[in-house]
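In: The following comprises the amino acid sequence and a computationally predicted model.
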Amino acid sequence: MSPSDLPRRRVLAGAASVAATALAGCAGDGQPTETSTDATTAPTTVATTEAATATEPTAEETTAEPVTDAERVAIAKRVTEELAGGEFHAVVGRFADQFEGQVSASAIADPWRQFAGDLGAYRGATVAQQGSSQGYPFVALRATFERGVLLVVVTFTGRDLAGLNFRPTDAAYEPPAYVDSEAFVERERTVPSPACDLDATLSLPDAAVDDGETVPGVVLVHGSGPNDRNQSFGPNRPFQDLAWGLASRGVAVLRYDKRTFACDVARSDGLDLDDLTVDDAVAAVDVLRGEDAVGPVAVVGHSLGGMAAPRIATAAETAGMASLAGPAGSLAALIEVQIEYLANVDGAVSDAERDRIEAVDAAVDRIQAGDLGDDEVVLGYHANFWRQLAAYDQTAVAADLDVPRFLAFAGRDYQVPVERERQPWADALADAGNATFRTYATANHLFLPGEGPSTPSEYLQPGNVLEALVDDLAAWTGRL
C-alpha cells in the first residue's frame, strides 16, 4: 500500500484498544492488518496500531492557534523517537484529552515491538507524505532502522495526536520465477458491494483469450484486515503470486480489493463475517462466472477467508472450495494462542506481555460466554461478528459440501498452527472422498518459505508464495 492510500479510510480515535495480532495478512477487521487488535490476513492483517475505539473526534476539535506543517513534522519525528526508545507512556500522553482512558502504553508497545523489535537500531526518519484526510492533518514518516524500514503515520487534532499507525513500507515487488508473464493477460473488473464498488483484476490465460478455450477459474478471498487485491504486506504480494502463478498454468483468477480497504466502513458499523468477507466473495464469484471463457469456478480463501470458504462455497454454489491456513475452530481461542506464542518467542515474557495475555484471556472468556454489548468491539471485531461465528461450524459446513475440497497448511505458521488446526478439518472430512490435504513444511502463514520460528518481522522480508502450493492448486483446479 502506498503512503497516499494510508489515510483514506476514516481516522478513528486513539492508537489501539485491547489485544492481538491475529491472522495477519490477514491480520481484526474494520480498519488495518489493521489495528493492534487485528484478529486475522497481515498479515490482516496484522500489522498496525490504527485506532480501534468507537469514539471519533470531530474535525473542529483543534487548538485555536494554527499549527504549521513544520511543527507537525517535528512532533511526528519526536513521537517516532519515543516509540523507538520505548517511551510508550510519553506517546500516550500526546493524545488529545478526548482519548483519555482509550489509549494504553501496552496497546502501542506490543505491536511496535513485534514489527520493530527485530529491525535493530533506529537511524532516523524522513517525511514520506503530508496531507489531510476528512479534516485531520497527518504526517507519514519513513522510520529507518538498521535492518529495515517502517512507515509511521501520525494523525493530528491541533498539536495533539488523534491517531497512530505503523506498518511495513512498500518495497519493489519481485514476481516469482515460476510466473510466465507471456502466458496470460490481465483485465480490470468491478465487484459490486453495498458499501462501494470494489476494484478487481482478472488474470486470464492465453488459452482462453487466443484459442477460445474454456478454463477453470478461482476467486481469491482475503484474510482479516483491510487488504488490497494482492493482499500486500510489506514487499510481498501473496495474492498476486497466486494469481500470476495460476494464470501461467491455465487457471483464470479474480482478485479484488476488500470492502474494508476500498470503502468507508468501520468496526463500529456492526459488520459480521458475511459483511466483511462472505457477501463480497459471492459477488466476485458471480463476476467471474460472467466471463465467457471461464468454466467451473472455485473459491480459494486464506486465513479468515479460508475459515469462511465453506460458507462462501455453499452460498455461491461453487465447483470447489480451497482453504489456505484456515482456522478449524474458535477464532477467539486462536488469538490466545497467537498472543502466547509472540510473548514467548524470544524466550522471556515481560510484565507488559503478561498483562496483554491476561487481557486477551479475559476478552476471549467474554466472547465465548456471549457476554458482549450490542455495539461492543472486542479483539478488533464487532459483537455481531462474534455472535455469527458462534453459530458457524466451518468444518461441518465443509463436510456437507458435495464438491472437491483442498486444504493447505503451513508448517511454520504460528497464526494458524498446523499441529492444532489440521486435525479437526481432517476428522470432519474423513469420509469425504474428494478432500485433498497438503502441508508445506517451510512455509509461514503467508505461504512464504523460511527457516526457524516464524515472527511478524519475517513478513517484512521479500519472498514469494511457494511454487509447490501453486502447482498443487493448479492441478486441483484443473480437475474440477
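Out: Arrived safely, thanks for sending. Residues are numbered from 1 along each chain as shown.
In: State the distance from residue 462 to residue 370.
Out: According to CB to CB, to the nearest Å, residue 462 and residue 370 sit 43 Å apart. Bear in mind the C-beta positions are built from the backbone N, C-alpha and C, glycine included.
In: again with residue 323
Out: Computed as CB to CB, the residue 323 to residue 370 distance reads 26 Å.
In: okay, these two: which has more neighbours?
Out: A direct count of neighbours by other CB atoms under 10 Å for residue 323 and residue 370 places residue 323 higher, at 31 against 10.
In: Hmm, that one is touching residue 306, no?
Out: Yes: between residue 323 and residue 306 there is a contact at 3.5 Å, judged by CB atoms under 8 Å.
In: quick one, longest helix in this structure?
Out: Taking DSSP state H as the criterion, the chain has its longest helix at helix 351-369.
In: by contact count, what packs against that helix?
Out: helix 105-116, helix 331-344, strand 377-378 (3 or more CB pairs under 8 Å, 6 or more residues apart in numbering; DSSP states H and E).
In: could you redo the last one with a cut-off of 6 Å?
Out: helix 105-116, helix 331-344 (3 or more CB pairs under 6 Å, 6 or more residues apart in numbering; DSSP states H and E).
In: any idea which helix or strand comes after the first one?
Out: Remark: after helix 105-116, the chain's next helix or strand is strand 122-133, criterion DSSP states H and E.
In: strands paired with that next one, and their directions?
Out: Looking at strand 122-133 with DSSP bridges, its partner strands are strand 136-145 (antiparallel).
In: same question for the strand it pairs with, mean pLDDT?
Out: Here strand 136-145 scores 85 as its mean pLDDT.
In: Stretch 220-232 now?
Out: Across stretch 220-232, pLDDT averages out at 90.
In: Any idea how far apart the tips of that stretch sit?
Out: 13 Å (CA to CA, to the nearest Å).
In: Could you give the separation of that stretch from the chain centroid?
Out: The chain centre lies 6 Å from the centre of stretch 220-232; the measure is CA atoms, centre = their mean, to the nearest Å.
In: same question, stretch 407-426
Out: With CA atoms, centre = their mean, you get 18 Å for stretch 407-426.
In: As CSV, could you dump the C-alpha coordinates of that stretch?
Out: Provided in CSV are the C-alpha atoms of stretch 407-426 (Å, rounded to 0.1, in the frame of the first residue of the first chain):
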residue,chain,number,x,y,z
LEU,A,407,-7.0,-27.7,2.4
ALA,A,408,-3.4,-26.3,2.8
PHE,A,409,-1.4,-25.7,5.9
ALA,A,410,1.9,-24.0,6.6
GLY,A,411,4.4,-25.9,8.8
ARG,A,412,5.9,-22.7,10.3
ASP,A,413,2.6,-20.9,10.8
TYR,A,414,2.2,-19.5,14.3
GLN,A,415,-1.1,-17.8,13.5
VAL,A,416,-3.0,-20.9,12.4
PRO,A,417,-0.7,-23.7,13.7
VAL,A,418,-0.9,-26.8,11.6
GLU,A,419,-0.5,-29.1,14.7
ARG,A,420,-3.6,-27.5,16.1
GLU,A,421,-5.8,-26.8,13.1
ARG,A,422,-5.3,-29.5,10.6
GLN,A,423,-6.7,-32.5,12.5
PRO,A,424,-10.2,-31.0,13.1
TRP,A,425,-10.5,-30.5,9.4
ALA,A,426,-9.3,-34.0,8.7
